[in-house]
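1. sequence first, then the predicted structure, then my questions.
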Amino acid sequence: MDGTERRTPIEVAILTIGRAALSIEDVVRVAHGRTNVRLDPDPEYRAWLARGVEQLERAWQSGTAVYGVTTGFGESASTTVPAELIRQLPVNLVRYHGCGTGAPLCDAASAAVVLSRTNVLARGYSGVRATVLERMCELINRRVLPKIPEEGSVGASGDLTPLSYVAAVLMGEREVSHRGQSTTAEVALARERLVPVVLHPKESLAIMNGTSVMTGLACLAHARARELARSSAALTAMASDVLLGNPEHFDARIFALKAHPGQVACARWIREDLGGTSRARGPRLQDRYSIRCAPHVVGVLLDALAFARGLIEIELNSVSDNPIVDPDAGELLLGGNFYGGHVAFAADALKTAVASVADLLDRQLALVCDPSTNQGLPANLVAGQDERSAAHHGFKAMQISASALTAEALKLTMPASVFSRSTECHNQDKVSMGTIAVRDLSRVLDLCETVMIIHLLALCQDMNLHGRERCGPRSCELHTCVRGHVPMNLADRRQDRDIETVLALYRAGELPIGPIDFA
């Protein structure tokens with residue numbers, strides 16, 4: 001042996017794109033690089049794709065008016081494009097939509113967007129060649145991911161401006177993240193020995209004219225919200241432990257009498273996390289609502305997630321293009337499937353339910369920090385009981401931060417979908433604002449996750465002060481995990497790094513929050 005470490009190559013799962021429907025979980029796995037994608041190689045399927053391409057080409061070459069091929073776009077649909085300019089039109093469409101603003105999407109979000117759009121086009125009703133779809137799969141697998149600015153979409157006609165950044169990368173233009181490093185599309189494609197694609201008539205329109213930004217982001221947000229719901233149950237069990245709460249509040253018989261599936265599941269999680277504790281109940285017969293009614297609050301989120309899943313996955317697996325090519329009938333259908341109203345509604349509903357959970361956790365944190373409610377501990381969980389403790393403040397500022405984050409989350413619950421704006425010479429006179437709604441949801445999740453981590457740190461401080469003996473199995477597992485990375489607060493010090501450390505653990509899936517056995 002030469003001393004060089006030899007590793008067995010890790011096999012990456014392969015997801016086939018084409019006729020099969022994708023799930024939210026499929027998108028999440030691909031987005032985070034745990035699964036690669038390929039276009040269905042079946043000859044019958046490939047023939048189906050080719051038939052749509054042929055029908056489209058036959059139509060415009062015969063002189064038939066084809067929207068976005070022989071005409072301008074949007075309100076310019078009445079403008080006839082001369083035959084000699086038809087092949088320039090798809091390039092121009094991409095370039096003039098290069099006006100996105102704001103921070104670029106992260107790599108996982110960009111991959112989710114590319115996958116979502118590839119899946120739509122692979123249905124075979126968009127007139128896009130298999131070679132283009134294969135290249136989109138390569139972008140995902142080789143992590144040549146477009147730098148997509150987050151702002152600039154009204155959600156109909158789909159996500160035109162942000163999706164132009166996907167089309168541009170196929171053409172070898174604009175910027176990308178290549179395996180985590182920022183560079184230009186031209187450089188990244190050259191490194192991967194990929195030749196820029198020359199987009200045929202309608203192909204850039206097909207890539208851009210749909211709801212795939214909002215849908216890809218909604219898939220990621222949905223998965224995050226599920227984890228948040230489970231984590232909130234685990235922290236409620238911890239709060240019940242340290243506050244000597246009444247475990248009878250989570251008795252299955254109570255929830256059988258009001259059997260919303262989400263609150264039934266949340267109550268079961270809390271019971272399991274408490275582990276059938278036999279500790280003595282505190283002085284209160286009934287806990288305050290932020291403990292006693294936690295399953296009812298988190299349950300709304302869980303049931304909203306079940307409802308939203310249907311809307312998001314239908315959108316994910318639908319044809320959101322215009323015009324639509326019917327390969328069997330040989331017809332072009334003009335419609336409005338690019339309208340993102342369902343995703344907008346799902347995101348607006350979810351962000352309200354998520355923000356309510358942030359408020360719940362913030363109220364629990366207040367109980368833990370208040371000497372009138374925290375079962376005999378000092379105000380703000382200050383460690384030590386000697387004369388020096390008067391100069392320390394424990395979790396005072398942490399609670400203020402959590403309150404500020406919660407307020408911001410609640411402020412963002414205004415539904416984005418009600419703010420339709422007439423634009424583009426009043427052709428797009430009713431729009432969904434779906435991408436803005438999903439961006440709001442993602443921001444509310446950021447805030448709520450941080451509130452949750454501050455609460456978790458306070459609960460761990462409480463366990464150090466009161467002792468672990470009164471706590472159930474989930475509380476002890478979480479305390480052990482957190483203390484393996486962040487020490488107890490013994491004197492005033494900065495705690496922003498504590499928040500960052502534990503938040504990173506959570507987002508990496510390394511906190512023992514318990515199984516998420518709810519659809």
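-> Now that the structure is in, tell me what you want to look at. Numbering: from 1, shown residues only.

2. ok, now which ones touch the residue lying closest to residue 352 once chain neighbours are set aside?
-> Once flanking residues are discounted, residue 352 sits nearest to residue 413: 4.7 Å by C-beta to C-beta, 6 or more residues apart in numbering. (Each C-beta comes from the backbone N, C-alpha and C, glycine too.) By C-beta atoms under 8 Å, 6 or more residues apart in numbering, the contact list for residue 413 reads 351-352, 355, 444.

3. am I right that residue 433 is in contact with residue 345?
-> No: taking contacts as C-beta atoms under 8 Å, residue 433 lies outside contact range of residue 345: 10.6 Å.

4. coming back round to it: any chance of the contacts of residue 413 in TSV, with distance to residue 459 and secondary structure too?
-> Listed next are these as TSV, based on distance: C-beta to C-beta, whole Å; DSSP: H, G, I helix; E, B strand; the rest coil:
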residue	distance to residue 459	secondary structure
351	25	helix
352	26	helix
355	21	helix
444	22	helix
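
5. now, the most widely separated pair of the residues you listed?
-> 352 and 444 (8.6 Å; C-beta to C-beta).

6. out of the contacts of residue 413, who's nearest residue 129?
-> residue 351 (38.2 Å).

7. isn't the closest one up against residue 436?
-> No: Residue 351 lies out of contact with residue 436 (C-beta under 8 Å); the separation is 11.0 Å.

8. quick one: which of the two has more around it?
-> residue 351 (30 against 21; other C-beta atoms under 10 Å).

9. any idea how far the more buried one lies from residue 250?
-> Remark: distance between residue 351 and residue 250 (C-beta to C-beta, to the nearest Å) = 27 Å.

10. residue 260 too?
-> 15 Å.

11. with residue 409 instead?
-> 26 Å.

12. where along the stretch 251-400 of the chain do the helices fall?
-> 252-256, 261-274, 289-292, 294-316, 341-369, 396-411 (DSSP state H, counting those that start in this stretch).

13. show me how far the second one is from its chain's centre.
-> Spelled out, it's helix 261-274. 24 Å (C-alpha atoms, centre = their mean, to the nearest Å).

14. what is it packed up against?
-> If you count contacts as 3 or more C-beta pairs under 8 Å, 6 or more residues apart in numbering; DSSP states H and E, helix 261-274 packs onto helix 212-242, helix 252-256, helix 294-316, helix 473-483.

15. thinking again about what came up before, neighbour count: residue 352 and residue 444, which is higher?
-> residue 444 (28 against 20).

16. hang on, isn't the more buried one packed against residue 351?
-> Yes: using C-beta under 8 Å, residue 444 is in contact with residue 351, at 4.5 Å.

17. mutual contacts of these two, please.
-> With C-beta under 8 Å, 6+ apart as the test, residue 444 and residue 351 both reach 412-413.

18. let me see the mean pLDDT of stretch 170-190.
-> For stretch 170-190, mean pLDDT rounds to 98.

19. what's next to that stretch, contact-wise?
-> In contact with stretch 170-190 (C-beta under 8 Å, 6+ apart) are residues 91, 94-95, 98, 104, 107, 110, 132, 135-136, 139, 142-147, 165, 168-169, 191-192, 195-199, 207.

20. what's the ChimeraX syntax to select whichever of the residues you listed are buried?
-> Filtering those down to the buried ones (16 or more other C-beta atoms under 10 Å) takes a single ChimeraX command:
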select :91,94,95,104,107,110,132,135,136,139,142,143,144,145,146,147,165,168,169,196,197,199,207
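
21. so of the contacts of stretch 170-190, which ones are in helices?
-> Secondary structure from DSSP state H places 91, 94-95, 107, 110, 132, 135-136, 139, 165, 168-169, 191, 207 of the contacts of stretch 170-190 in helices.

22. and the closest residue to residue 256 other than its chain neighbours, what does it touch?
-> Once flanking residues are discounted, residue 256 sits nearest to residue 264: 7.6 Å by C-beta to C-beta, 6+ apart. Residues near residue 264 by C-beta under 8 Å, 6+ apart: 252, 255-256, 295, 299.

23. next, the buried residues of stretch 162-180.
-> Using 16+ other C-beta under 10 Å as the test for burial, stretch 162-180 gives 162-178.

24. and the helices and strands packed on helix 261-274, which is most packed in?
-> Highest mean neighbour count among the helices and strands packed on helix 261-274 (mean count of other C-beta atoms under 10 Å): helix 212-242, with a mean of 27.

25. coming back round to it: need the helices of the stretch 251-400 of the chain in CSV with distance to residue 501 and mean pLDDT, can you?
-> Below are those laid out as CSV (distance: least, C-beta to C-beta, whole Å; pLDDT from 0 to 100):
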stretch, distance to residue 501, mean pLDDT
helix 252-256, 36, 97
helix 261-274, 23, 97
helix 289-292, 26, 96
helix 294-316, 25, 98
helix 341-369, 19, 97
helix 396-411, 14, 97
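
26. no more questions from me, cheers.
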